[in-house]
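> structure here, sequence nowhere to be found:
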DNA sequence: AATATATATCGACTTTTCCCGATATACCAA
DNA sequence: TTGGTATATCGGGAAAAGTCGATATATATT
């Protein structure tokens, strides 16, 4: 994964917030019907509600975060659930410590 | 410091390279006359030579990195020396570990 | 099959970033 | 004080990102 793409993904207030929210899904998305946060994550609509931007924008943002390996997604029925990608974030931490 | 600004500063290949070069100045800038890298850093011209972009662009890039607290500068005579800002980079590491 | 809902993709417009050359400023040397 | 070198700032054109509404696609329900 290109390092620049990772930092670009993080260069946006809303995307940083989303990542931060996904760290504590139970706390930040109490309204989600499917509350199996650990395994599946949070669905796009919930994230959109909280962020207050358009549906298309949030969908786009989530795919930017996913391309940067910062989140991962699972489709269940008509919903797509996104969650933090621990591995990718650990990688980022490693980059910072070894190259910057 | 605004987190978004930090990540924006890192969202560019050349700026990432500069930061990486400044981690090992003696290795990466063997031609610099003033070789007191630890205390003063590397001057703009040397960085420009290595990066291969215009003088104005590199000067701008260095000030972007400085605004993000990733480097610091010292003026000595007609030269401005830039070096890594350990403290700022540690802060960044902390952000990643606590918020992402 | 028809309809409803959730998400993704498209096209467009605006704002920001990239990067340059030209010029200004700061300092040094003669 | 005149000229030379290093860096900073300014103005601009091209490319990328931000964000939207409209539309397409996938799935579920009836």
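Looks like it came in fine. Remember, predicted model here, so these are calculated numbers, not experimental data.
> residue A:59: what secondary structure?
Of the three states, residue A:59 takes helix under DSSP: H, G, I helix; E, B strand; the rest coil.
> same question but for residue A:23, I mixed them up
Applying three-state DSSP: residue A:23 is coil.
> just the helices from chain A, written as ranges.
A:3-9, A:13-21, A:25-28, A:44-51, A:55-67, A:86-99 (DSSP state H).
> out of those, nearest to residue A:38?
With distances scored as Cβ to Cβ, the stretch of the helices of chain A nearest to residue A:38 is helix A:25-28 (8.1 Å). Bear in mind the C-beta positions are built from the backbone N, C-alpha and C, glycine included.
> in stretch A:39-58, what counts as buried?
Across stretch A:39-58, burial judged by 16 or more other Cβ atoms under 10 Å in any protein chain shown covers A:40-44, A:46-48, A:50-51, A:58.
> farthest pair within those?
Every pair of the buried residues of stretch A:39-58 checked by Cβ to Cβ; the farthest is A:40 and A:51, at 19.1 Å.
> against residue B:98, how distant is residue A:89?
Plainly put, residue A:89 is 11 Å away from residue B:98 if you go by Cβ to Cβ, to the nearest Å.
> quick one: which of these two has more around it?
residue A:89 (19 against 9; other Cβ atoms under 10 Å in any protein chain shown).
> residues in contact with the more buried one?
A:70, B:96, B:100 (Cβ atoms under 8 Å, 6 or more residues apart in numbering or on different chains).
> and chain A, which residues reach chain B?
Applying Cβ under 8 Å from any Cβ of the partner chain, we find that chain A lies next to chain B at A:3-4, A:7-8, A:10-13, A:16, A:19-20, A:23, A:70, A:89, A:92-93, A:96-97, A:99-100.
> how does it look with 7 Å?
A:3-4, A:7-8, A:10-13, A:16, A:19-20, A:89, A:92-93, A:96-97, A:99-100 (Cβ under 7 Å from any Cβ of the partner chain).
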